[in-house]
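A.B. asks: my questions concern the predicted model and sequence given below.
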Amino acid sequence: MKTRRLLYLTAQQMVATRWQAGHLDQEGIFAANESGHQQFAAYLAQHPNDVFVLLANVSEEGFQVETIPFLQGADRQTVIKRRLGQVFFNAPLTAFLSLGREKTSRKDERVLLAALTSQELFAPWLKIIATGAVALSGIYSLPLLAPSLITRLKITERQSLLLTLQDQSIRQSYLEEGHVHFSRLTPLHSLNNDSIAQAFATEAVRLQQYLTSQRILARNQAITARILAHPEATPAIRSHCINTDTLQFVTLDLGECAKKTGLKTLPRDIGGEALFLNLMAVAPPSIQFADDDLRHSHDLTRIRNALYGLGATALLGGLVATATLLYEGYAVNQEAEQLRQEAALATRRYEEIVKTFPPIPTSNETLRRVIDRYVELEKRSTSPNGLYGEISRALQATPTIELDEIDWLTGGTDPGTKPGNAAQPATAAIPADSEAAIVRGAIRLGNNANPRQMLAVFDQFIAALKTNPNLQIAVQKRPFDIEPGKTLK
């Protein structure tokens with residue numbers, strides 16, 4: 001469970017308490033003097049990594065409800081800061097709490113201004129905390145925990161008084177709409193039950209009269225005063241606190257209230273300090289007095305913890321990913337092993353089937369080479385259909401040409417000189433990946449055709465063949481010998 005260390009400050013001393021899961025364990029009491037300050041500094045040095053919360057119960061405090069215009073953002077903060085400076089001049093610790101907007105056309109905002117006004121009381125303790133770089137999460141005032149208490153006790157009255165006993169003093173608080181509007185502290189000179197009961201009765205009446213004089217309560221308005229007291233003092237309180245038409249008393253059992261707030265270590269004395277310390281741990285109020293400078297170490301602690309959390313999350317994610325990859329690798333290895341076993345079984349079955357075949361006159365290796373050679377020859381075999389098709393296309397363009405002979409040659413062949421015709425020039429060797437066709441024929445234009453017409457038909461035939469860029473045309477002999485210096489035949 002999470003452990004917190006709570007500091008409880010009064011005018012006489014500082015009390016350090018360890019809180020864990022509703023249990024309170026007092027760790028030290030430090031007097032408000034030089035010796036106590038040194039002991040407190042030593043105590044903080046023993047817990048450098050812990051987070052502390054400070055609860056103050058002092059009489060030097062102030063509460064005032066103010067109305068400010070409808071503002072937002074920086075303008076609102078500026079106005080509230082100026083009001084705090086005007087109401088609590090030179091107060092070291094100030095805070096504010098919004099009480100909502102008024103239901104008027106202007107929608108002005110009602111704000112509770114609060115301050116802890118004793119600089120002499122807080123300065124030495126806060127200096128020790130700042131010097132020790134202690135992670136202080138906040139400074140709270142005890143009366144501001146009253147709303148958390150009435151919420152836990154399910155008190156729904158719009159206006160009420162709450163009187164509590166702690167530190168040989170009586171705390172009187174006025175609550176309206178679930179918020180503290182006024183609080184004061186009255187010291188006690190005696191702690192016997194009759195004196196305490198008489199003080200509760202007297203202070204409740206005084207507080208009612210003060211609120212009426214300030215027009216916070218209407219004249220003759222009835223209000224309930226709830227007294228938080230130890231069961232031992234209950235009989236005396238009931239005998240002294242007599243109900244009137246405008247003031248009704250209700251006694252709250254300190255032990256029962258402690259249980260309802262989650263405190264498992266019941267108070268040992270008649271005061272309610274333990275109850276409010278537990279409330280501060282489980283349900284701290286939204287308003288606190290520590291500024292950014294006092295909370296600097298705490299902010300650094302939060303950032304460090306966040307980084308630790310991110311690192312732990314990343315490490316956990318890496319471990320999960322590693323475990324996933326290991327599992328997937330194991331599954332792949334198992335599947336591969338199964339496939340290897342199936343392949344070995346298939347190989348054995350194949351060998352058993354092969355043994356049933358009749359013997360062949362040659363070895364398997366020789367047969368494989370023969371088949372490979374056959375496949376290679378099949379791939380290299382060609383057909384003259386392509387060249388015949390090109391020649392046919394050219395003949396369609398020149399129907400007067402009649403073919404007498406076509407010699408089709410494949411790559412690697414050296415045609416040489418055609419036998420029986422020594423005058424015919426030899427054809428060059430054909431590349432291995434090509435084919436060739438030697439075409440011989442005649443032009444039939446009739447007896448009246450002249451050489452020029454025959455040459456034109458021949459050139460048309462050659463041009464028709466050249467329309468295919470993949471063909472290379474070489475003329476070995478024209479219909480007429482047209483070289484210069486020779487007789488036209």
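C.D. replies: Everything's here; your move.
A.B. asks: where does the protein have low pLDDT?
C.D. replies: In the prediction, the chain carries residues with pLDDT under 70 at positions 1-3, 105, 380-381, 412-428, 432, 481-489.
A.B. asks: quick one: the helices in it?
C.D. replies: 34-45, 73-87, 119-131, 146-152, 193-213, 234-240, 254-260, 273-282, 296-355, 364-380, 385-397, 451-466 (DSSP state H).
A.B. asks: could you give the angle of the longest one to helix 364-380?
C.D. replies: It stands for helix 296-355. Angle, helix 296-355 to helix 364-380, by axes from the mean of the first three to the mean of the last three C-alpha atoms, to 10 degrees: 100 degrees.
A.B. asks: state the distance from Gln77 to Leu71.
C.D. replies: 9 Å (C-beta to C-beta, to the nearest Å). Quick note: C-beta positions are derived from backbone N, CA and C, even for glycine.
A.B. asks: equivalent analysis for Leu247, please.
C.D. replies: From Leu247 over to Leu71 the distance is 39 Å, taken as C-beta to C-beta.
A.B. asks: look at those two and report which has more neighbours.
C.D. replies: With neighbours defined as other C-beta atoms under 10 Å, Leu247 and Leu71 compare such that Leu247 has more, 20 against 14.
A.B. asks: who's in contact with the closest residue to that one other than its chain neighbours?
C.D. replies: The shortest distance from Leu247 to any residue that is not its chain neighbour, by C-beta to C-beta, 6 or more residues apart in numbering, is 5.6 Å, and that residue is Gln208. Gln208 sits next to 161, 217, 223, 225, 246-247 when contact means C-beta atoms under 8 Å, 6 or more residues apart in numbering.
A.B. asks: so can I have JSON lines of those showing distance to Ala233?
C.D. replies: Shown next, in JSON lines, are those (distance: C-beta to C-beta, whole Å):
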{"residue": "Leu161", "distance to Ala233": "18"}
{"residue": "Leu217", "distance to Ala233": "27"}
{"residue": "Ile223", "distance to Ala233": "22"}
{"residue": "Ala225", "distance to Ala233": "15"}
{"residue": "Thr246", "distance to Ala233": "24"}
{"residue": "Leu247", "distance to Ala233": "19"}
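A.B. asks: of these, which belong to strands?
C.D. replies: The strands, defined by DSSP state E, take in 161, 223, 225, 247 from the contacts of Gln208.
A.B. asks: quick check: the last one vs Leu163, distance?
C.D. replies: Applying C-beta to C-beta, the value for Leu247 to Leu163 is 12 Å.
A.B. asks: swap in the second one?
C.D. replies: Relative to Leu163, Ile223 is positioned 12 Å away (criterion: C-beta to C-beta).
A.B. asks: got it, and the third one?
C.D. replies: Taken as C-beta to C-beta, the spacing of Ala225 relative to Leu163 amounts to 6 Å.
A.B. asks: any residues in contact with both of these two?
C.D. replies: Listed as contacting both Ala225 and Leu163 by C-beta under 8 Å, 6+ apart are Ala204.
A.B. asks: so Thr234 sits against Thr251, correct?
C.D. replies: Yes. Taking contact to mean C-beta atoms under 8 Å, the distance of 5.5 Å between Thr234 and Thr251 places them in contact.
A.B. asks: list the contacts for Gly411?
C.D. replies: Contacts for Gly411 (C-beta under 8 Å, 6+ apart) come out as 430-435.
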